[in-house]
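Asker: 3D model of this:
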Amino acid sequence: MASAPDDAGRRAESPESGAPAERDAAIPDDEREALETIAHGAVLTSGGVAGQRALIAATEFALARGLGPTAYGVYALAWRIAQLLSRLVTFGSVPAIQRYLPEYGDDPERQGAVAGLAYATTVGFGVAIAAGVWLAAPVINARTVTEPGFPGTMRAFGGLVGLLGVVMVASALLRAVGSARGEILFNKLLRPGARLVGVLGALALGYSVVGVAGAIVAATASLAAVAVPLTASVTGVRPSLRSARAEARRFYDHAAPVAMSSLGKVFQNRVDVLLVGALLTATAAGVYNVVLVVIAVAWIPLLSFNQLLPPVASELYASDRTATLNAVYGSVTRQIVTAVVPILAVLTVYGREILGLFGDAYVAGYVPLVVYLGGVFVGSAVGATGWLLMMTDHQYARMALDWLLAVLNVGLTYAFVVRYGLVGAALGTSLAIAVQNGIQVLLLRRFEGLWPFDRSFLIPLAAGAVALGAMYGVRTLLTGPSAVLAGSAVGLAAYVGSLRLLGVDPRDRFVARRLARRYRAALAKRLGR
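Answerer: Numbers count the residues shown, from 1 in each chain. Reported below is the predicted structural model:
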């Protein structure tokens with residue numbers, strides 16, 4: 001008899017009419033665990049990525065104001081080239097770490113060999129890239145901006161590429177063992193933080209653009225020197241080359257095609273940066289760089305959910321749980337769309353005001369910004385297609401696709417830039433992103449039967465249309481920064497209200513409830529309650 005009140009209480013908390021506990025029971029345990037893991041990583045990462053974007057924006061704001069449009073354009077082109085090269089310097093080591101470190105969880109020696117190969121590969125390519133940039137810098141300058149400060153700036157950033165690669169490998173090791181906080185700290189906060197410190201110090205001392213580049217290199221070198229031993233201590237993975245020969249074939253069989261894919265993606269998604277520098281002016285390069293800084297905010301949801309999706313996907317695929325992987329892929333992709341829609345609405349309505357914060361000259365980037373947002377929407381709406389192809393051992397298919405579209409994109413973007421200027425650069429990249437991700441989602445369906453879409457995706461799109469209308473309404477009443485703040489608040493309220501009215505998917509509700517409960521408990525514990 002004593003148990004009757006407890007049973008009654010449980011029934012009261014979980015009535016038959018779709019109570020939370022009953023709805024959660026309909027979600028398989030392994031799917032719930034995967035969704036909560038990925039969503040928790042996304043929440044942690046979103047804060048880190050938002051902080052990263054804030055640090056990057058602060059750096060670019062200081063440079064745009066401190067150097068002036070022309071010198072900033074020189075910096076922007078050299079910096080973007082260095083970023084492109086940093087995508088190649090690890091030679092596919094980062095995805096290889098994500099693929100094999102979780103699989104070797106019970107074998108520290110093999111994990112150490114993977115880490116050792118990753119570091120050795122990155123350092124070797126870093127040295128080769130630095131030497132190549134040193135020789136090529138005057139040639140690049142002659143064919144692009146033809147500014148006297150460019151060769152020295154580019155040479156300094158050539159040495160930066162390898163250092164960035166070392167930090168990325170250290171962060172990838174943290175990510176592969178499920179340490180979202182550690183990866184966020186190094187890759188999302190300390191790396192841009194070091195750049196900001198270097199920039200502010202150089203500008204305060206009155207350095208030219210070359211001096212600014214040198215200060216960034218020095219700050220990043222200090223970070224790399226700390227990252228390697230600290231990562232080994234935190235993860236317990238000790239980089240070693242003693243067993244590297246036994247692992248090298250499998251490691252490079254995964255890493256090499258990924259590296260070739262990355263090279264293809266440079267020409268596919270970032271040829272716009274090179275063509276703006278080659279065909280337009282240094283000032284145009286600076287304007288386009290600010291557009292990319294603003295656009296980066298819209299990528300936050302996709303990057304955040306992709307934080308822990310690769311190791312989770314790798315584990316599900318290795319254990320042959322494809323149905324669970326497909327369910328997780330669909331839920332996570334819908335959550336990405338739900339998060340990105342209001343960001344796209346704000347940038348579309350208030351893009352001019354946001355660009356104007358960097359200076360009046362940068363408002364010219366508004367139309368390219370809006371065009372670019374189309375590619376961001378498609379790239380976000382299909383989710384982690386690229387990572388899933390790699391985690392399901394279809395890296396060669398992705399490599400072939402990357403190169404096929406890279407060749408097409410170079411020709412199209414060149415024609416677009418010549419005809420339309422900055423708008424053409426954004427159009428070429430946006431089309432490349434859309435086509436790439438569209439084909440990748442079809443390949444996933446063909447190879448593994450993975451397909452994320454259903455009617456539930458229409459709900460955030462409808463809510464986004466309501467939010468867009470609300471923001472335009474506010475814009476007719478207010479102008480300037482006050483319109484951005486008030487319009488964003490009103491639009492977000494309209495968006496959330498529309499979602500509640502139209503109905504949220506049970507899996508999304510489950511994730512929200514579990515995370516809210518988890519964070520309330522953590523907060524209560526911290527407050528000593």
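Asker: next structured bit after the helix or strand R245 falls within?
Answerer: Here R245 sits within helix 244-269, counting by DSSP states H and E. Beyond helix 244-269 on the C-terminal side, the first helix or strand identified by DSSP H and E is helix 271-279.
Asker: Specify the angle between that following helix and helix 244-269 in degrees.
Answerer: 60 degrees (axes from the mean of the first three to the mean of the last three CA atoms, to 10 degrees).
Asker: May I have helix 271-279 as CSV, with CA atoms only?
Answerer: Listed next in CSV are the C-alpha coordinates belonging to helix 271-279 (Å, rounded to 0.1, in the frame of the first residue of the first chain):
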residue,chain,number,x,y,z
VAL,A,271,38.7,30.7,-55.2
ASP,A,272,36.7,33.8,-54.7
VAL,A,273,39.3,35.3,-52.3
LEU,A,274,42.1,34.7,-54.8
LEU,A,275,40.2,36.1,-57.8
VAL,A,276,39.1,39.2,-55.9
GLY,A,277,42.7,39.9,-55.1
ALA,A,278,43.8,39.1,-58.6
LEU,A,279,41.1,40.9,-60.6
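Asker: For the helix or strand just after it, name the packing helices and strands.
Answerer: Next helix or strand after helix 271-279 toward the C-terminus (DSSP H and E): helix 282-298. Applying 3 or more CB pairs under 8 Å, 6 or more residues apart in numbering; DSSP states H and E, we find helix 282-298 packed against helix 29-67, helix 69-89, helix 271-279, helix 322-356, helix 366-381, helix 422-448. The way it works is simple: take the backbone N, C-alpha and C, and place the C-beta from them, glycine included.
Asker: As TSV, those with distance to G132 and mean pLDDT would be great.
Answerer: Shown next, in TSV, are those (distance: least, CB to CB, whole Å; pLDDT from 0 to 100):
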stretch	distance to G132	mean pLDDT
helix 29-67	25	83
helix 69-89	9	87
helix 271-279	15	79
helix 322-356	34	92
helix 366-381	30	94
helix 422-448	25	89
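Asker: re earlier: can you give me how far the helix holding R245 is from the chain middle?
Answerer: What separates the centre of helix 244-269 from the centre of its chain is 19 Å, taken as CA atoms, centre = their mean, to the nearest Å.
Asker: One more: stretch 496-506?
Answerer: Worked out by CA atoms, centre = their mean, stretch 496-506 lies 27 Å from the chain centre.
Asker: picking that back up, JSON lines for the helices and strands packed on helix 282-298, including mean neighbour count and distance to R155?
Answerer: Below are the helices and strands packed on helix 282-298 laid out as JSON lines (neighbours: other CB atoms under 10 Å; distance: least, CB to CB, whole Å):
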{"stretch": "helix 29-67", "mean neighbour count": "20", "distance to R155": "18"}
{"stretch": "helix 69-89", "mean neighbour count": "24", "distance to R155": "9"}
{"stretch": "helix 271-279", "mean neighbour count": "23", "distance to R155": "16"}
{"stretch": "helix 322-356", "mean neighbour count": "22", "distance to R155": "31"}
{"stretch": "helix 366-381", "mean neighbour count": "22", "distance to R155": "29"}
{"stretch": "helix 422-448", "mean neighbour count": "21", "distance to R155": "25"}
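Asker: could you dump those helices to a markdown table with distance to L164?
Answerer: Output for these, formatted as a markdown table (distance: least, CB to CB, whole Å):
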| stretch | distance to L164 |
| --- | --- |
| helix 29-67 | 14 |
| helix 69-89 | 4 |
| helix 271-279 | 16 |
| helix 322-356 | 26 |
| helix 366-381 | 23 |
| helix 422-448 | 22 |
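Asker: May I have the phi/psi pair for D454?
Answerer: The phi/psi pair for D454 (degrees, to the nearest 10) reads phi -150, psi -170.
Asker: re earlier: V291 is nearest to which of the helices and strands packed on helix 282-298?
Answerer: Of all the helices and strands packed on helix 282-298, helix 366-381 sits nearest to V291, with 5.1 Å by CB to CB.
Asker: So what touches the closest one?
Answerer: By CB atoms under 8 Å, 6 or more residues apart in numbering, the surrounding residues in contact with helix 366-381 are 288, 291, 294-295, 298-299, 301-302, 333, 336-337, 340, 344, 347-348, 351-352, 355, 422-423, 425-427, 429-434, 437-438, 457.
Asker: Go through the helices and strands packed on helix 282-298 and name the closest to L308.
Answerer: Across those, closest to L308 is helix 29-67 (CB to CB), at 3.4 Å.
Asker: just the angle between that closest one and helix 322-356, please?
Answerer: 20 degrees.
Asker: which residues sit in contact with the spatially most central residue of the chain?
Answerer: What sits nearest the mean C-alpha location of the chain, by CA atoms, centre = their mean, is L303, with 3.7 Å. By CB under 8 Å, 6+ apart, L303 lies in contact with T45, V49.
Asker: one step back: could you tell me the angle between the helix holding R245 and helix 422-448?
Answerer: 130 degrees.
Asker: Helix 366-381 and helix 244-269, what's the angle between them?
Answerer: Using the same axes, to 10 degrees: helix 244-269 against helix 366-381 is 140 degrees.
Asker: Return the residues in contact with L404.
Answerer: L404 neighbours (CB under 8 Å, 6+ apart): none.
Asker: on that earlier part again, list just the one of the helices and strands packed on helix 282-298 that sits closest to L401.
Answerer: helix 422-448 (5.9 Å).
Asker: Now do that closest one and helix 282-298, the angle between them.
Answerer: 40 degrees.
Asker: What is the burial count for A524?
Answerer: 10 (other CB atoms under 10 Å).
Asker: correction: V490
Answerer: Using other CB under 10 Å, the number of residues around V490 comes to 15.
Asker: Packing partners of the helix holding R245?
Answerer: helix 69-89, helix 93-100, helix 108-143, helix 395-420, helix 422-448.
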